[in-house]
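In: take this sequence and fold it.
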Amino acid sequence: MKAIQVLGSQENHHIVLSDALSRPSPTGSQVLIKVHAAGITADEVIWPELYASPNRVPGHDISGIVEAFGPEYHGPLSLGESVYAMLHADAPHGGQSEYAIAMPNEVAVKPSSISHAQAAALPIPALTAWEAIFKHTKLAQGSKIFVTGASGAVGAMLVQIARKFLNAEVIGLASPSNHAMLAELGATKVLDYSSPEWYAKVHGMDAVFDTVGGDIFSKSWRVVKENGYIVTVGDPAPKWAFGRGQPEELQTYPNVKCLHFIVSPDGDALSEVASLIDDGALKPIPVQVFEVEEAVEAWKYASQRGRKGKAVIKFQAE
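Out: Below you'll find the model as predicted:
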């Protein structure tokens, strides 16, 4: 079957399109999905799990058709049903292939109102926003929320979900070319990330959701209130992540609750997101679709800053 592979080392890798891999077979309660489209998360090339996988196939966001079940599957899905999924970070079979293996708790019925390509862009961004807001913070209705990288896939979902469920005042940080789009998604105000001392224009935020990391993350401490939240998913992870100490900023802001996390699969949340998409309460993420033969170009596009749309590889016609 056709599949994308990452060859070489983490420090010296390259992307190839292969047709030498065998189609996987589901065991236990697994679900075999015929992949119509797979989203690209460019940062995956720095994830150690990829280089420990047996086939080096990347990709965790997929949309497609249920092809087969393992003998122990007893869930609600049916053969031929359109689904989308986020595969676990250490899944042995990556999603950027004609067929992929998923666990039952990773899969949900695909939103019917959007294409497979649009659905394949959603799982990681939507679930990251969902987990950040509902699992890692306790925010009241009308909270003030600041989102860095607000025009990115995760940022756009954070803006929408915060507005939908919390009726939050959402301030985003993004390039000027994306300000109008973010206003349409519900952002109350958008700041130019390249503006000097942008952090001086906002203060007293109940929560900062950072998708960028680095210098942007460091400066964002200045906008959160004394006992607020800072949640970051920036890649690479900060030095203090995974129990390796604490942020230096806590010396200045000791009462701020700070967390870095890696999103987990959640089929139930994906079902909620699908309903919200179909109801028009959430808008899908813009995508740039590449044919499977253009996979190398797709990965190059995905690594660019300022791109218009999340890169998606199409394996099947709609």
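In: lowest-confidence helix or strand of this protein?
Out: The helix or strand of the chain with the poorest confidence is helix 48-52; it has a mean of 90 (mean pLDDT, DSSP states H and E).
In: so what's the gap between that helix and the chain middle?
Out: The chain centre lies 18 Å from the centre of helix 48-52; the measure is Cα atoms, centre = their mean, to the nearest Å.
In: buried stuff in it?
Out: The neighbour-count check on helix 48-52 (16 or more other Cβ atoms under 10 Å) flags Leu50 as buried. All C-beta atoms are positioned from the backbone trio N, CA, C, and that covers glycine.
In: oh, and call the first residue 292 from now on, that's how I've got it
Out: Yes, from this point I'll number from 292; that puts the last item at helix 339-343.
In: moving C-terminal of it, what's the next helix or strand?
Out: strand 352-360 (DSSP states H and E).
In: what's in contact with the least confident helix or strand of the chain?
Out: With contacts defined as Cβ atoms under 8 Å, 6 or more residues apart in numbering, helix 339-343 is touched by 297, 300-301, 335, 347, 349, 380-381, 385.
In: can you pick the most crowded of the residues you listed?
Out: The residue in the contacts of helix 339-343 with the most neighbours, by other Cβ atoms under 10 Å, is Gly385 (27 neighbours).
In: what residue ranges in the stretch 492-609 of the chain score low on pLDDT?
Out: Along the stretch 492-609 of the chain, no part satisfies pLDDT under 70.
In: and the strands in it?
Out: Counting by DSSP state E, counting those that start in this stretch, the stretch 492-609 of the chain has strands at residues 496-501, 515-523, 548-551, 578-582, 601-605.
In: Val438: which of these is closest?
Out: Smallest distance to Val438 across these (Cβ to Cβ): 5.0 Å, for strand 496-501.
In: can you show me the CA trace of the closest one as PDB?
Out: These are the backbone C-alpha positions of strand 496-501, laid out as PDB (Å, rounded to 0.1, in the frame of the first residue of the first chain):
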ATOM      1  CA  MET A 496      -6.300  37.500  31.500                       C
ATOM      2  CA  ASP A 497      -7.900  34.600  33.400                       C
ATOM      3  CA  ALA A 498      -6.000  32.200  31.100                       C
ATOM      4  CA  VAL A 499      -3.300  32.200  28.400                       C
ATOM      5  CA  PHE A 500      -3.500  29.300  25.900                       C
ATOM      6  CA  ASP A 501      -0.100  29.300  24.200                       C
END
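In: tell me what angle it forms with strand 515-523.
Out: Using axes from the mean of the first three to the mean of the last three Cα atoms, to 10 degrees, the direction of strand 496-501 lies 30 degrees away from that of strand 515-523.
In: tell me which strands strand 496-501 pairs with, and in which orientation.
Out: strand 435-439 (parallel), strand 515-523 (parallel) (DSSP bridges).
In: what's in contact with the shortest one?
Out: Residues from elsewhere that reach strand 435-439, judged by Cβ under 8 Å, 6+ apart: 430, 446, 449-450, 453, 457, 459-464, 478, 484, 493, 495-503, 507-508, 511, 514-515.
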